[in-house]
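Asker: A predicted structure for the sequence below; I have some questions about it.
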Amino acid sequence: MGKLSEAEKKEKKRIAERRRRERIKNDPILYERHKQRDRERYAKRKAEGKVKKMSERTRREQKALRKYFREHSKKSYEKKKQKNKVLEEKPISLPFDSGALNDHDPLSTSQTLGMKSPINIISVTEPQSPINTFADSSVPVSPATSESSSKEESAGLMKSSTKLPVDIKEAVVKFYEDDENSRMCPGKRDYRVRNKIRKQKRYATESLRDLHKKFQAQHPEIKISYSLFCRLRPFWVIIPNVLARETCSCQTHENFNFVVSALYKHKIISESSPNQILEKNCCDPRYVSCLTRVCLECNNKRVTYLEFDNSAEIDYKAWEKQKKAYFKNGEGRITLQTIKANVLGTTL
């Protein structure tokens, strides 16, 4: 017999460990002693502070541990479900005495080795047609099996009926890739790869909420929810953050966004964003003549205000620069910080 390889050694050790665990579980005394050692080991680790309670862990550790618990419970549930499914299958009647299998029974061999995965028994019979073998009238059919099969069939019908058409997916992807809704990055390394598909990065020009409203206006025949619209967003279309921003995000423009949001919140104007104000008061927000009020067609348009109380106070947020004193190396210093402050004012 030649020298065993590393893989064969590991497999042999794994089988021996299975047999040892099976022998311990079958012996009540050894199994109780094994559990007692586990309890003592856990108490010792807990006394040393190596085992933490859930309340003593950080939020990140709690999140990771709960995720592990969910995945473990899901695997355990799937394993039990597969085991019950095997047990509920139709039994095949053997034409000879089952006691003649003895030590050659593959099921008993698997139990001896402590294998967890079920092994199907292949009956040695005379050649028969597959229809007569499995559709025997003498084989009883359990009601649980028929009920589970009907549930699977109904679930399959429901799954196939709720499948999203391909043309809707293509329309959403094409909408996201439009230059009006997203801009392509010019860099050579600005790309993303998923499932061996390489695509150049694109940054959305508006928020997903505004893009959804725009999609509904352009495609009124397609009824799609906001959550589904977000899920169908291609992986190469990215929501820009502060670091990836190449457009203006200065204090003046951000404060204007806060003012518009506050006026819309108090029902003074009907537009909820600066983009809506531009679309309503300009022929085309991309034209400089419209933005500078030089255009002869839209220079007389103004923001329409609703009825409101001039004496009522309005609260809104604004970016402000404030001086802050601090100490460094025993010396007092002053720094200028930009913070988001709550402002209270009136419409006058």
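Answerer: Received, thanks.
Asker: got the residue ranges for the helices in this structure?
Answerer: Along the chain, counting by DSSP state H, helices occupy 6-26, 28-47, 59-87, 106-113, 130-134, 143-161, 166-176, 208-218, 226-231, 251-265, 274-281, 288-291.
Asker: Report the mean per-residue pLDDT for the first one.
Answerer: What it means is helix 6-26. When pLDDT is averaged along helix 6-26, the result is 91.
Asker: Make 411 the first number, not 1, from now on.
Answerer: Sure, I'll start numbering at 411, so the last one becomes helix 416-436.
Asker: C-alpha coordinates for it, PDB please?
Answerer: Taking Å, rounded to 0.1, in the frame of the first residue of the first chain, the C-alpha atoms of helix 416-436 are listed here in PDB:
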ATOM      1  CA  GLU A 416      -2.700  14.900   2.200                       C
ATOM      2  CA  ALA A 417      -6.300  14.800   1.000                       C
ATOM      3  CA  GLU A 418      -6.700  11.100   1.700                       C
ATOM      4  CA  LYS A 419      -5.200  11.600   5.200                       C
ATOM      5  CA  LYS A 420      -7.700  14.400   5.900                       C
ATOM      6  CA  GLU A 421     -10.600  12.200   4.600                       C
ATOM      7  CA  LYS A 422      -9.500   9.300   6.800                       C
ATOM      8  CA  LYS A 423      -9.200  11.600   9.800                       C
ATOM      9  CA  ARG A 424     -12.700  13.000   9.100                       C
ATOM     10  CA  ILE A 425     -14.300   9.600   8.900                       C
ATOM     11  CA  ALA A 426     -12.600   8.500  12.200                       C
ATOM     12  CA  GLU A 427     -13.900  11.700  13.900                       C
ATOM     13  CA  ARG A 428     -17.400  10.900  12.600                       C
ATOM     14  CA  ARG A 429     -17.200   7.400  14.100                       C
ATOM     15  CA  ARG A 430     -15.900   8.800  17.400                       C
ATOM     16  CA  ARG A 431     -18.800  11.300  17.700                       C
ATOM     17  CA  GLU A 432     -21.300   8.600  16.700                       C
ATOM     18  CA  ARG A 433     -19.900   6.300  19.300                       C
ATOM     19  CA  ILE A 434     -20.200   9.000  22.000                       C
ATOM     20  CA  LYS A 435     -23.800   9.900  21.000                       C
ATOM     21  CA  ASN A 436     -24.900   6.200  21.200                       C
END
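Asker: low-scoring pLDDT stretches of the stretch 411-560 of the chain, where are they?
Answerer: 411-412, 499-560 (pLDDT under 70).
Asker: Kindly recompute the last result at 80.
Answerer: 411-412, 496-560 (pLDDT under 80).
Asker: okay, now the residue lying closest to Ser592 once chain neighbours are set aside: neighbour count?
Answerer: Nearest non-adjacent residue to Ser592, counting by CB to CB, 6 or more residues apart in numbering: Arg612, 4.1 Å away. For glycine as for every other residue, the C-beta is placed from the backbone atoms N, C-alpha and C. Neighbour count of Arg612, defined by other CB atoms under 10 Å: 21.
Asker: ok so, going back, for the helices of the chain, which one sits closest to Ala751?
Answerer: Ranking these by their distance to Ala751 (criterion: CB to CB) puts helix 661-675 first, at 10.4 Å.
Asker: re the thing from before, thought the residue nearest to Ser592 was touching Met594?
Answerer: Yes - counting by CB atoms under 8 Å, Met594 is a contact partner of Arg612 at 5.2 Å.
Asker: ok so, going back, quick check: bridge partners of the residue nearest to Ser592?
Answerer: Beta-bridge pairing for Arg612 (DSSP bridges): Met594, Val647.
Asker: Got the domain ranges for this protein?
Answerer: 576-648, 661-756 (automatic domain parsing).
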